[in-house]
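Engineer: fold the following, please.
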Amino acid sequence: MAAEARSAEAPALKRAVGLPLLLMYGLGSMLGAGIYGLVGEAAKLMGSAIWIAFLVSMAAALLTGLSYATIASRYPRAGGAAYVTQRAYRSPAVAYLVGLAVACSGLTSIATQANVVARNLQAAFGLEGVPPALLALGFLLILAGILLRGIKESLWANAVCTVVEAAGLLLVIAVGVPYWGSASLFDWPEGGGEATGTALLVFQGAVLTFFSFIGFEDTLNLAEEVKDPERTMPLGLILAMLIATGIYMAICVTAVSVIPWRELAAAPAPLAAVVEKAAPWFPKVGFIGITIFAVANTALVNYVMASRLLYGMAKQGLLPAPLARVHAGRQVPYVAILALLAVVIGLSLLGDVAALAAATVLLLLFVFAIVNGALVLLIRRPGEPQGRFALPWIVPAFGALVCLALIVVRVTSGNLTAPLIALGLLAAILLLYVATRKRDGDAMERFVKSDALS
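Structural biologist: Numbers count the residues shown, from 1 in each chain. Below you'll find the model as predicted:
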């Protein structure tokens, strides 16, 4: 009775998110900074056939996206991947590893975007005399202020940024449509064209462009703040992935039609170069502004995701209990938000964290493989909730195999820097778990009690 009374008195997260805001959040998490620079990198590898790489990576991402939609319908809880893996494998260590691997990917992304925003502000407003670290710090403080204000305010800010960045992508498509059909969409770089070489390039390109679809998993951490989550979460997640795919396909065709792929691959800002050629009347500073909104949105959605992930893991007993505290007035996990702010400020001071960001895809592919495997176990386990959106177990099983295959392709592609960074981060997380845990049994007992009869 005492435990129930304490639970009833504790502030809870506010269910204020409907389908439109959730859809905008999902789109904002995918239509972020990645596509604005990734087209050029993909062109180096795939030539004008970059659309194939995006199509394959979409198929791979959609498999896991369907798994996440099922999880959201069955278990609408904050903590996302960490909650599901602990429930499936009954191992706090695995849940801890998965949860903090996702959090690490978000933190490195936020720090990277803070520095990108700082450089773009310098270029757009002539602030070369202002230290980038100071601009990055100001940006991070604004982000934290938005999150502390409330989830509805955070998602409205996300919606505004999403509209701006989507408008930027639609602008690229609109000014480039007249060029469609002027270039071959099957012009491969040297090594392509042969069946074996082409297949290898497609898989390598899919691993690279998979980054553009990363973000759909962020929606899972909003489950406790979404209205009717069993229905809204799957619908919002799948719609966001399909809309993003349509935009990406059009961007790919437009980019290689307006600018030859070799020039596109060499351009420092490929989409800005496309607009400059197709619409010279559009001011350069305008597209810099759009880029700032896109980059800021990536940081915002990662910050929301990471704060809810820490909150959910703290509720499971995997992280210190204060991280699960919710502000009585604003109904946000304020301790988690402030703790992350301190960490991200430290990371942003490193300046270039591109090496850590390069390992993000590998970390998340690893997480996706484990989460897909967890869903297979839960689907086949008697007594588990069914949810309104259901899949046969073969779909997440195939999703896990695809993620593992993409990991193998990336690890064997020659450059071992990203794999070594990813392995180092995973090892550090495990060491942190060993150093901070009391006992596995204690954590599991807290989890079981909090989850009893749910």
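Engineer: if I look at residue 412, how far off is residue 12?
Structural biologist: Residue 412 is 47 Å from residue 12, where distance means Cβ to Cβ, to the nearest Å. Yep, even glycine has a C-beta here, placed from its N, CA and C like the rest.
Engineer: pull out the buried positions in stretch 238-250.
Structural biologist: For stretch 238-250, the neighbour count (16 or more other Cβ atoms under 10 Å) marks 238, 240, 241, 243, 244, 245, 247, 248, 250 as buried.
Engineer: measure the spatially closest residue to the third one that is not a sequence neighbour to residue 295 for me?
Structural biologist: Closest residue in space to residue 241, ignoring its immediate chain neighbours: residue 65 at 5.0 Å, by Cβ to Cβ, 6 or more residues apart in numbering. In this view, residue 65 and residue 295 are 23 Å apart by Cβ to Cβ.
Engineer: if we can go back for a sec, okay if I get the buried residues of stretch 238-250 as JSON lines plus secondary structure, pLDDT and distance to residue 389?
Structural biologist: Formatted as JSON lines, the buried residues of stretch 238-250 follow (DSSP: H, G, I helix; E, B strand; the rest coil; pLDDT from 0 to 100; distance: Cβ to Cβ, whole Å):
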{"residue": "238", "secondary structure": "helix", "pLDDT": "87", "distance to residue 389": "9"}
{"residue": "240", "secondary structure": "helix", "pLDDT": "88", "distance to residue 389": "15"}
{"residue": "241", "secondary structure": "helix", "pLDDT": "87", "distance to residue 389": "14"}
{"residue": "243", "secondary structure": "helix", "pLDDT": "89", "distance to residue 389": "18"}
{"residue": "244", "secondary structure": "helix", "pLDDT": "86", "distance to residue 389": "19"}
{"residue": "245", "secondary structure": "helix", "pLDDT": "86", "distance to residue 389": "19"}
{"residue": "247", "secondary structure": "helix", "pLDDT": "88", "distance to residue 389": "24"}
{"residue": "248", "secondary structure": "helix", "pLDDT": "87", "distance to residue 389": "24"}
{"residue": "250", "secondary structure": "helix", "pLDDT": "91", "distance to residue 389": "28"}
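Engineer: let me know the closest of the residues you listed to residue 375.
Structural biologist: Ranked by distance to residue 375 (Cβ to Cβ), the buried residues of stretch 238-250 are led by residue 238 at 15.5 Å.
Engineer: mind listing what residue 340 touches?
Structural biologist: Going by Cβ atoms under 8 Å, 6 or more residues apart in numbering, residue 340 touches 107, 303, 306, 307, 310.
Engineer: I misspoke; the intended subject was residue 203.
Structural biologist: 56, 405, 406, 409.
Engineer: who wins for neighbours among those?
Structural biologist: Scoring the contacts of residue 203 on neighbours with other Cβ atoms under 10 Å, the highest-scoring entry is residue 406 at 24 neighbours.
Engineer: average pLDDT for the helix or strand where it lies?
Structural biologist: Element membership for residue 406 (DSSP states H and E) is helix 394-411. The average pLDDT within helix 394-411 is 88.
Engineer: next: stretch 271-280.
Structural biologist: 88.
Engineer: gap between residue 216 and residue 128?
Structural biologist: In terms of Cβ to Cβ, residue 216 sits 37 Å off from residue 128.
Engineer: quick one: which of those two has more around it?
Structural biologist: More neighbours surround residue 216 than the other of residue 216 and residue 128, with 23 against 8 (other Cβ under 10 Å).
Engineer: quick one: the one helix or strand residue 65 maps to to helix 394-411, angle?
Structural biologist: Taking DSSP H and E as the definition, one finds residue 65 inside helix 50-74. Interaxial angle, helix 50-74 versus helix 394-411 (axes from the mean of the first three to the mean of the last three Cα atoms, to 10 degrees): 140 degrees.
Engineer: what are the buried residues along helix 50-74?
Structural biologist: Using 16+ other Cβ under 10 Å as the test for burial, helix 50-74 gives 50-58, 60-74.
Engineer: which helix or strand lies directly C-terminal to it?
Structural biologist: helix 80-89.
Engineer: from the contact counts, what lies against that following helix?
Structural biologist: Using 3 or more Cβ pairs under 8 Å, 6 or more residues apart in numbering; DSSP states H and E as the contact test, the elements touching helix 80-89 are helix 92-125, helix 284-315, helix 360-380.
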